[in-house]
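1. what's the 3D shape of this:
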Amino acid sequence: MTRMFLTLTVLLIAPLVSPSVWADVLLIEQVRQAGRMAVPVNGQTMTEVEANFGAAVNKRAPVGEPPITSWTYEHWTVYFEYDRVLFTVLNKGEVIQKKSE
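-> Here you go, the predicted structure:
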């Protein structure tokens, strides 16, 4: 009975909840899944990234000082300062896969 009550409550309240709330929930889930993905990590060298993840789909030339280079893979983009990973970001709209897959 309690489960049915909760289900009905959610169904009745869901349409009243702002769409931005649903977007926030999806974003939070993407962040959680990103934490479980095998992606390049801060401090790895370009050589290590290429050895572990293969060739990038697109490599952009260094820009600025210090030189920042970006390599785009299917699901993420890696940013390097000199030859070291600064950070990795997921590409917008990409399907997120778990490490185990």
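
2. can you show me the helices along this structure?
-> Assigned by DSSP state H, the chain shows helices spanning 2-13, 19-35, 46-53.

3. for the second one, give the mean pLDDT please.
-> Meaning helix 19-35. Per-residue pLDDT values over helix 19-35 give a mean of 58.

4. please apply the same query to stretch 50-60.
-> If you average the pLDDT over stretch 50-60, you get 97.

5. what residues of that stretch count as buried?
-> 53, 56 (16 or more other CB atoms under 10 Å). Any C-beta I mention is one placed from the backbone N, CA and C, and that applies to glycine too.

6. same check, this time on stretch 76-89
-> The neighbour-count check on stretch 76-89 (16+ other CB under 10 Å) flags 76-78, 80, 85, 88 as buried.

7. just these: which are in strands?
-> Judged by DSSP state E, the buried residues of stretch 76-89 include 76-78, 80, 85, 88 as members of strands.

8. quick check: the farthest pair among the residues you listed?
-> The widest separation within those, taken as CB to CB, falls between W76 and F80 and amounts to 13.2 Å.

9. bridging residues for R60?
-> According to DSSP bridges, the residues that bridge with R60 are S70.

10. pretty sure it is touching T77, no?
-> No. Taking CB atoms under 8 Å as the definition, R60 is not a contact partner of T77, at 9.2 Å.
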